[in-house]
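Visitor: Please work out how this folds:
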Amino acid sequence: MKHPHATPATPTARTDDTTTPSEADDNTTVTNAARDSNATSAADADTTTEPPNPSHTPLRSLHAHLNTHLPGAARAWLDQALAEAAAHPGAHGPISVWELRIAEAGRRCGDEYADAARVLILHTAGADAAALSRVYRQGTAAERRAVLLALPHLVPGPDALPLIEDALRTNDTRLLAAAVGPYAARHLDPHNWRHAVLKCLFTGVPVDNVAALERRARADAELARMLGDYAAERTAAGRPVPEDLHRVLALTDSAPAPHGSDTPHGKES
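Guide: Down below sits the predicted model:
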């Protein structure tokens, strides 16, 4: 995707100071770290080599991992990108400076760390549901995936569900894996969540990517019926039944959750 040249504008103060539980401890840290590359203490240093999943990882830990593993030039670029996002948050004109940095992240940080870098930039820029939707609709597959991974940190309610639903209609397995993360677990209604699980089975996306799978599949008789029908269709066609199907089916036999447990938004349709 080609982006027009952006001219930084005078920053506009955010009027929405709502934070999600997952970002409550992270807002100040990430913004300050953007202004000071030394903000992450040695105690926060991450010695693991495998990139963490940005949708499941606290932003402070995500930033610490990048500080530890990015080469010097990439780390300096990320610090500058975060500083720009903090100085010019929100939307400005056709495209904001931080949106250009989202597009550059793969080239600057490498594919291995681009998701995490983009999530940090989106968070520092204070991207709301409208801005996230714009980046998703105009972005590459990699940029769309980063938006999906950022949703648990940025959107407290179900406003971004259309992005999840769009990703679930694709056959891009990396988009699907990002779409069934914590945001979907929190907000997808039971009917669409069940179909998301089946879509993972259809496309070979490991169900390990489905956030809160055990909780949401527990004692779900309708999901069990759908899984049984799919297994019967595969068997009748002489095709193997995915191992993950048996795993999810076993979860549906578990005892129901205690009354009053967390219930996702929406209702069965």
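Visitor: what are the ranges of the helices in the stretch 101-250 of the chain?
Guide: Secondary structure of the stretch 101-250 of the chain by DSSP state H, counting those that start in this stretch: the helices cover 111-124, 129-138, 141-154, 161-168, 173-179, 182-187, 190-203, 213-217, 221-236, 243-252.
Visitor: Give me the distance from the third one to the chain's centre.
Guide: This points to helix 141-154. Offset of helix 141-154 from its chain centre (C-alpha atoms, centre = their mean, to the nearest Å): 4 Å.
Visitor: Show me what that helix is packed against.
Guide: Packing partners of helix 141-154 (3 or more C-beta pairs under 8 Å, 6 or more residues apart in numbering; DSSP states H and E): helix 97-109, helix 111-124, helix 129-138, helix 161-168, helix 173-179, helix 182-187. C-beta coordinates here come from the backbone N, C-alpha and C atoms, glycine included.
Visitor: Distance of residue 57 relative to residue 230?
Guide: Distance, residue 57 to residue 230, by C-beta to C-beta, to the nearest Å: 32 Å.
Visitor: farthest residue from the center of the protein?
Guide: Within the chain, the residue lying farthest from the chain centre (C-alpha atoms, centre = their mean) is residue 236, at 36.7 Å.
Visitor: related to what we said a few turns ago, of residue 57 and residue 230, which one has the most company?
Guide: Looking at residue 57 and residue 230 with other C-beta atoms under 10 Å, you find the greater number of neighbours at residue 57, namely 21 against 17.
Visitor: So for residue 146, which of the helices and strands packed on helix 141-154 sits nearest?
Guide: Smallest distance to residue 146 across those (C-beta to C-beta): 3.5 Å, for helix 111-124.
Visitor: Could you list the buried residues of that closest one?
Guide: By neighbour count, with 16 or more other C-beta atoms under 10 Å as the criterion, the buried positions of helix 111-124 are 113-124.
Visitor: What average pLDDT does that helix get?
Guide: Helix 111-124 comes out with an average pLDDT of 97.
Visitor: Which secondary structure elements does that helix sit against?
Guide: Using 3+ C-beta pairs under 8 Å, 6+ apart: helix 111-124 touches helix 27-35, helix 59-69, helix 72-87, helix 97-109, helix 141-154.
Visitor: What's the local residue count around the nearest residue to residue 251 once chain neighbours are set aside?
Guide: Using C-beta to C-beta, 6 or more residues apart in numbering and skipping the chain neighbours, the partner closest in space to residue 251 is residue 217 (4.0 Å). For residue 217, the neighbour count with other C-beta under 10 Å is 24.
Visitor: What score does residue 217 have for pLDDT?
Guide: For residue 217, the model assigns a pLDDT of 97.
Visitor: and stretch 197-207, what's its mean pLDDT?
Guide: 97.
Visitor: same question, stretch 53-71
Guide: Mean pLDDT, stretch 53-71: 97.
Visitor: what distance separates the start and the end of it?
Guide: Stretch 53-71 has an end-to-end distance of 20 Å (C-alpha to C-alpha, to the nearest Å).
Visitor: That one: which residues count as buried?
Guide: Of the residues in stretch 53-71, 53-55, 57-60, 62-67, 69-70 count as buried by neighbour count, 16+ other C-beta under 10 Å.
Visitor: do the same with stretch 213-223
Guide: Residues of stretch 213-223 classed as buried: 213, 216-218, 220, 223 (neighbour count, 16+ other C-beta under 10 Å).
Visitor: Going by distance to residue 77, which of those wins?
Guide: Here the nearest of the buried residues of stretch 213-223 to residue 77, counting by C-beta to C-beta, is residue 213; it sits at 36.4 Å.
Visitor: what about that closest one, distance to residue 197?
Guide: 8 Å.
Visitor: Now the common contact residues for the two.
Guide: Counting by C-beta atoms under 8 Å, 6 or more residues apart in numbering, the common neighbours of residue 213 and residue 197 are 207, 248.
Visitor: For this protein, which helix or strand comes out least confident on mean pLDDT?
Guide: One helix or strand of the chain scores below all others by mean pLDDT, DSSP states H and E: helix 27-35, with a mean of 41.
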